[in-house]
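In: Below is the sequence, then the predicted model.
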Amino acid sequence: MTDYAVEAPGQAVLPIVGSDQVFPVRRIYCIGKNYVAHIHEMNADERDPPVIFMKPADAIVAEGGEIPYPVFTGNFHYEGELVVAMKSGGYNIPEAEAYSHIFGYCVGLDMTRRDHQAAALAKGLPWEVTKAFDHSAPMGPISRVEDVGHIDDHVLRTKINGEVRQDANVNLMIWNTREIIAKISEQHELKAGDLIMTGTPAGVGAVVTGDVIEVEAEGLAPLKVTIGAPAA
Ligand code: MN
């Protein structure tokens, strides 16, 4: 037994649909600017390459959970996304082999402090404060590829208080999941337990305390979370 000097952090996990096992989360990679219509609503250039950033695994909020309205923002945005769960990895994974490394899929939310993202972009600052804060990564249960196949031509929807705000087929991604895996693995060694958030379609917007966010994709278990009172 390792004799830790302070309390050891716990392992973040996600439930697996139809299984008593859980999926241990290692890293959460995220792709920005991956749907043309969202790039246009953000007034960005669609010819730019996609952005890769990360969220900490302990930012996960499970299905049915509550997200405290975060400190340090006045413009808290939802971004509903398809999420890929890896069962293996490596460097320089060829697109043709990318599917063989996927364990399954879930839906997730890339919660964003949009006011600080604008400030970071304007000043060339890093994105932790805008993307990698506590409770910034709600995730639904993972469905296994062996049960649902690959999610590449399926409609992804985000509802706020029951009203559809985002509604797009994931086949509209600029970089598809195989290309994303190939791209990330040029820079980072992907490993079992990694999650990849694949970018959000158009229709992002702000939420406030009391709002209910639902994300659903054809073939996958839905995610529902509530925005709670301010964290501090
Ligand atoms: Mn996003």
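Out: Now that the structure is in, tell me what you want to look at.

In: Nearest spatial neighbour of the residue positioned nearest the centre of the chain, chain-adjacent residues omitted?
Out: In the chain, the residue lying closest to the centroid (C-alpha atoms, centre = their mean) is residue 197, at 3.5 Å. Among residues not flanking residue 197 along the chain, residue 30 sits closest, at 4.2 Å (C-beta to C-beta, 6 or more residues apart in numbering). Yep, even glycine has a C-beta here, placed from its N, CA and C like the rest.

In: how about whichever residue of the chain sits closest to the ion, what does it touch?
Out: For the chain and the ion, the shortest gap (C-beta to the ion) falls at residue 110, measuring 3.4 Å. By C-beta atoms under 8 Å, 6 or more residues apart in numbering, the residues touching residue 110 are 30, 55, 79, 81, 131, 136, 137, 197, 200.

In: So which of the residues you listed sit within strands?
Out: With DSSP state E as the criterion, strands contain 30, 55, 81, 137, 197 from among those.

In: Run a quick neighbour tally on the closest residue in space to the second one that isn't next to it in sequence.
Out: Pointing back at residue 55 there. Closest residue to residue 55 apart from its sequence neighbours, by C-beta to C-beta, 6+ apart: residue 28 at 4.3 Å. Neighbour count of residue 28, defined by other C-beta atoms under 10 Å: 26.

In: Kindly report the same for residue 35.
Out: With other C-beta under 10 Å as criterion, residue 35 counts 24.

In: which residues does it bridge with?
Out: With DSSP bridges as the criterion, residue 35 is bridged to residue 173.

In: Need phi/psi at the closest residue to residue 110 other than its chain neighbours.
Out: Spatial nearest neighbour of residue 110, chain neighbours left out: residue 79 (4.1 Å); criterion: C-beta to C-beta, 6+ apart. In terms of degrees, to the nearest 10, the main-chain angles of residue 79 are phi -140, psi 100.

In: At the contact with the ion, which residues of the protein appear?
Out: Counting by C-beta under 5 Å from the ion, the chain comes close to the ion at 79, 110, 200.

In: Let me know the closest of these to residue 11.
Out: Proximity of the residues of the chain next to the ion to residue 11 was ranked by C-beta to C-beta; the top entry is residue 110 with 21.8 Å.

In: Now that closest one: phi and psi?
Out: phi -90, psi 80.

In: Could you report the separation of it from residue 68?
Out: 17 Å (C-beta to C-beta, to the nearest Å).

In: ok, now residue 181?
Out: 33 Å.

In: what do you get for residue 189?
Out: 34 Å.

In: mind checking pLDDT for residue 59?
Out: On pLDDT, residue 59 comes in at 98.

In: Looks like it contacts residue 131 (just checking).
Out: No - the pair residue 59 / residue 131 is not scored as a contact, 9.2 Å apart, by C-beta atoms under 8 Å.

In: Compare neighbour counts for those two and give me the winner.
Out: Counted by other C-beta under 10 Å, residue 59 and residue 131 do not tie: residue 131 has more neighbours, with 26 against 20.

In: Name all residues that make contact with that one.
Out: 30, 53, 55, 110, 112, 113, 117 are the contacts of residue 131 under C-beta under 8 Å, 6+ apart.
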